[in-house]
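In: would you be able to build a 3D model of this:
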Amino acid sequence: MTQRLYILYILGSQRRCAVAEVRLVGVQKAYGDVQVLRDIDLEIRDGEFMVFVGPSGCGKSTLLRTIAGLEDITGGELWIGPREVHDVPPAERGVAMVFQSYALYPHMDLYENMAFGLKLAKMPAPEIDSAVMRAAKILHIEHLLKRKPKDLSGGQRQRVAIGRAIVRQPEVFLFDEPLSNLDTALRVKMRYEFAKLHEQLRTTMVYVTHDQVEAMTLADRIVVLSAGRIEQVGAPLELYEHPCNLFVAGFIGSPGMNFISAQAVTASSQQVSVRLPDGALVDCAVDGSGVQPGQPLTLGLRPEHLIVGGAANRLEAKVTFVESLGGTTFAYAQFPGVKDDEALTVELDGSLRLKAGDPLSLSIPSGRTYLFDAEGRALRRQAA
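Out: Down below sits the predicted model:
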């Protein structure tokens, strides 16, 4: 981002619309022959905390930048509140963006960094001071305002970058992977701070991350993207319990879902029984309408739903590796038919002592199973 564009961008408008929903209708973005965004239809509600997730290169940051006006769309419509903003410059869209790199001026103290855009907009000095102090109080950085960025920790710098956005009183906040430069402990703390900030401001927020844990803990709704397309939109638990396809099922949840090749044996509108490559039978509480005996399917099992022991839906595996993390143990086990030759991942109580080579007898409730057809579409589950 050039210095000139940055200065123009942080100026912005100081007004706040009564309604700050964001609507994208058939939005496309291409660089020459390379299509990056494909027919994006999305409504972000006024006051909502919306999170974009997906693997690297899926288009999530490009989508955020089109809302900001830092990328021009090549097709479709983009609305912020009552305005169609496709041809509106970034500084006039009523948005404020917080970047991964913080983008602070190193020669200015924190007060000057936060006040800079307001000074360029020729806001009266008392109003600037009031806006900066209000933002500093919200972020608990009043005692840091005379320091330079080099004197701050990564978390403190990120708060200043957020404060610079707050003083503009934007209609929409945009965050592009704002926590990716922080260590693990600080990321956990800052997730809590983001949640509190949204509760205080009640402003529309759009947040990009590759970390689905951030998405699950922060979002009102999540947009899962893959190859420039929206795979699914929904509340965090909705995506966790009812993913629409294999991609979403594998992306949402940590550790990721286990996928095992299976073949339908019997099917009804209430249940499908499948046979696994080792001959085990597993009953799945899903709608099997239209499923035929012998049809190839994929069985999905979340690591946290597998139970040691039990009589129904038994799986016999062999431990290959163990991660003991104190209260939780992750066992990785050899099991026939696991997709991509990966290990079967099992989340267990930390008190359970296992080692490589141990046999592992598992079971899973039928209501905790997932099934996907040959095209990767999820069969509707009967129970969570």
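
In: next, the buried residues of the helix or strand Lys137 falls within.
Out: Assessed by DSSP states H and E, Lys137 sits inside helix 125-139. Across helix 125-139, burial judged by 16 or more other Cβ atoms under 10 Å covers 128, 131-132, 135-136, 138-139. Heads up, the C-betas are built off the backbone N, CA and C, glycines and all.

In: next: stretch 236-244.
Out: Buried, per 16+ other Cβ under 10 Å, within stretch 236-244: 236, 239-244.

In: which one of those residues is nearest to Asn181?
Out: Using Cβ to Cβ, the shortest approach to Asn181 within the buried residues of stretch 236-244 belongs to Pro236, at 24.1 Å.

In: quick one: residues contacting Asn313.
Out: 281-283, 363-366, 369 (Cβ atoms under 8 Å, 6 or more residues apart in numbering).

In: please read the previous query as pertaining to Thr66.
Out: 27, 29, 37, 72-73, 78.

In: now with 6 Å?
Out: Ile73 (Cβ atoms under 6 Å, 6 or more residues apart in numbering).

In: which strand or helix spans it?
Out: Thr66 is part of helix 60-68 when elements are defined by DSSP H and E.

In: likewise Phe194?
Out: Here Phe194, judged by DSSP H and E, is contained in helix 184-201.

In: outline the domain layout of this structure.
Out: 3-246, 258-372 (automatic domain parsing).

In: nearest to Ile252, of these?
Out: Closest among the domains of the chain, once you apply Cβ to Cβ, is domain 3-246, at 4.8 Å.

In: and the closest one, how far out from the chain's middle?
Out: 13 Å (Cα atoms, centre = their mean, to the nearest Å).

In: let me see the mean pLDDT of it.
Out: Taken as a whole, domain 3-246 has an average pLDDT of 88.

In: and for stretch 258-275?
Out: The average pLDDT for stretch 258-275 rounds to 96.

In: now the closest residue to Pro89 other than its chain neighbours: how far from Ala343?
Out: In space, and not counting its chain neighbours, Pro89 is closest to Gly69: 6.3 Å by Cβ to Cβ, 6 or more residues apart in numbering. According to Cβ to Cβ, to the nearest Å, Gly69 and Ala343 sit 46 Å apart.

In: and the two? Which one has more around it.
Out: Taking neighbours as other Cβ atoms under 10 Å, Gly69 and Ala343 compare with Gly69 leading, 23 against 18.

In: my read: the more buried one touches Gly94, true?
Out: No: using Cβ atoms under 6 Å, Gly69 is not in contact with Gly94; the gap is 10.5 Å.

In: neighbours around Ile73, how many?
Out: Residues near Ile73, counting by other Cβ under 10 Å: 21.

In: spit out the contact partners of it.
Out: Counting by Cβ under 6 Å, 6+ apart, Ile73 makes contact with 27, 29, 66.

In: try it again with 10 Å
Out: 24, 26-30, 37, 40, 62-63, 66-67, 86 (Cβ atoms under 10 Å, 6 or more residues apart in numbering).

In: and the two most separated of the residues you listed?
Out: Between any two of these (Cβ to Cβ), the greatest distance is 17.1 Å, for Ala30 and Ile67.

In: which of the two has more neighbours?
Out: Set Ala30 next to Ile67 and count neighbours by other Cβ under 10 Å: Ile67 wins out with 24 against 14.

In: rewinding a little: hang on, isn't the residue nearest to Pro89 packed against Arg83?
Out: No: using Cβ atoms under 10 Å, Gly69 makes no contact with Arg83, being 11.9 Å away.

In: now do the shared contacts for those two.
Out: 92-93.

In: phi, psi of Gly76?
Out: Gly76 has phi and psi values of phi 90, psi -170 when expressed as degrees, to the nearest 10.

In: one more: His86?
Out: phi -50, psi -40.

In: quick revisit: shared neighbours of Gly69 and Gly94, anything?
Out: 80, 85, 88.

In: the last one and Ser61, how far apart?
Out: Read it as Val88. For Val88 relative to Ser61 (Cβ to Cβ), the value is 20 Å.

In: higher neighbour count, those two?
Out: Taking neighbours as other Cβ under 10 Å, Val88 and Ser61 compare with Ser61 leading, 19 against 14.

In: I figured the more buried one hits Glu71, correct?
Out: Yes: the criterion here is Cβ under 10 Å, and Ser61 meets it with Glu71 at 9.3 Å.

In: mind listing the shared neighbours of the two?
Out: By Cβ under 10 Å, 6+ apart, no residue touches both Ser61 and Glu71.

In: rewinding a little: nearest to Arg353, out of the shared contacts of Gly69 and Gly94: which one, please.
Out: Taking Cβ to Cβ as the measure, Arg353 sits nearest to Ile80 out of the shared contacts of Gly69 and Gly94, at 56.0 Å.

In: quick one: neighbours of that closest one, just the number.
Out: Count around Ile80 with other Cβ under 10 Å applied: 24.

In: can we start the residue count at 16 from this point?
Out: Okay, using 16 as the starting number, the last item reads as Ile95.

In: my guess is it contacts Glu36. True?
Out: Yes: the criterion here is Cβ under 10 Å, and Ile95 meets it with Glu36 at 7.8 Å.

In: tell me, what's touching those two both at once?
Out: Counting by Cβ under 10 Å, 6+ apart, the residues touching both Ile95 and Glu36 are 59, 186-187, 219.

In: can you get me the start-to-end distance on stretch 302-312?
Out: Using Cα to Cα, to the nearest Å, the gap from the first to the last residue of stretch 302-312 comes to 13 Å.

In: let me fix that, I meant to ask about stretch 339-358.
Out: First residue to last in stretch 339-358 (Cα to Cα) measures 16 Å.

In: stretch 135-146 too?
Out: Taking Cα to Cα, the first and last residues of stretch 135-146 lie 14 Å apart.

In: go on, stretch 94-107?
Out: End-to-end span of stretch 94-107 (Cα to Cα): 13 Å.

In: buried residues, it. List them.
Out: Within stretch 94-107, the residues scored as buried using 16+ other Cβ under 10 Å are 95-96, 100, 105-106.
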